[in-house]
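Colleague: Predicted structure and sequence below. I'll ask about it afterward.
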Amino acid sequence: MEPRTISHPATGNPRIPAEAAVFRHYLPVQFRFNDIDMLGHVNNSVYITLFDMGKTRYFEAALPDVDFRHIPIVVVNVNCDLFEPTYFNDSVEMFTRVAHIGNRSITMDQRIVDTATGHLKARCTTVLAGFDPATATGAPLDPVYVAAIREFDNI
C-alpha cells in the first residue's frame, strides 16, 4: 500500500481535532442494510464495529505471520468522534495507523473519510494494552510485535 497523508479539517470546521497524518493502511468500507438507522444514516453504534474491523485488518497487514487472535492485548480506552452523517450510498474509506507505541500500550488513530468530498466523517482513538491472560493483569508488549509495527508504520 502506498502511504497516504490525510489532512483535516476538510469539512471547513476548524474545531475538528484531526491533524495531518500519514496512513499506511486503509480500506474501503461497505455498509450493510442493517447499518442504517431510521434517520437514513449509518447508526452511531456501527462505527465502533467498523473501527474494530479496521484494527483487525491493520494487525493482519502489520503482523502477517501472526494470528491476531493470539496477540495478548486488550482495549482499555476507545474515543469515537462523529463529525458528519454517513449515508448508505456514501463512498468512504477507513484509515488506520499506530500513533504511538510504547513498552506496554499502543495508541491507534483511525479515520473514516468520504472519498468524494474528502470530508472527515468519524475519528476513533483507541488505546490497547499488553495483557497476561494467565494472571489477568497488564503486561509488556512482545518486543517482536513492537518492532514489526514500528517498521510497518515507520514510527
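Modeller: Noted; the coordinates are in hand. Residues are numbered from 1 along each chain as shown.
Colleague: Now S45: which helix or strand?
Modeller: helix 44-62 (DSSP states H and E).
Colleague: ok now that helix, how far from the chain's centre?
Modeller: What separates the centre of helix 44-62 from the centre of its chain is 6 Å, taken as Cα atoms, centre = their mean, to the nearest Å.
Colleague: For it, which helices and strands make contact with it?
Modeller: Counting contacts by 3 or more Cβ pairs under 8 Å, 6 or more residues apart in numbering; DSSP states H and E, helix 44-62 packs against strand 25-29, strand 73-82, strand 92-101, strand 105-114, strand 120-132, helix 143-153. Any C-beta I mention is one placed from the backbone N, CA and C, and that applies to glycine too.
Colleague: and that helix, average pLDDT?
Modeller: Mean pLDDT, helix 44-62: 95.
Colleague: Alpha carbons of that helix, as CSV, please.
Modeller: Output of helix 44-62 as CSV, limited to C-alpha atoms (Å, rounded to 0.1, in the frame of the first residue of the first chain):
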residue,chain,number,x,y,z
ASN,A,44,-23.7,5.6,15.6
SER,A,45,-23.3,2.1,17.1
VAL,A,46,-21.9,0.8,13.8
TYR,A,47,-18.8,3.0,13.8
ILE,A,48,-17.1,1.1,16.7
THR,A,49,-17.7,-2.2,14.8
LEU,A,50,-16.2,-0.6,11.6
PHE,A,51,-13.2,0.7,13.5
ASP,A,52,-12.7,-2.8,15.1
MET,A,53,-12.6,-4.3,11.7
GLY,A,54,-10.0,-1.7,10.6
LYS,A,55,-7.8,-2.6,13.6
THR,A,56,-8.1,-6.3,12.8
ARG,A,57,-7.1,-5.7,9.2
TYR,A,58,-4.3,-3.4,10.3
PHE,A,59,-2.8,-6.1,12.5
GLU,A,60,-3.1,-8.7,9.8
ALA,A,61,-1.1,-6.4,7.5
ALA,A,62,1.5,-5.3,10.0
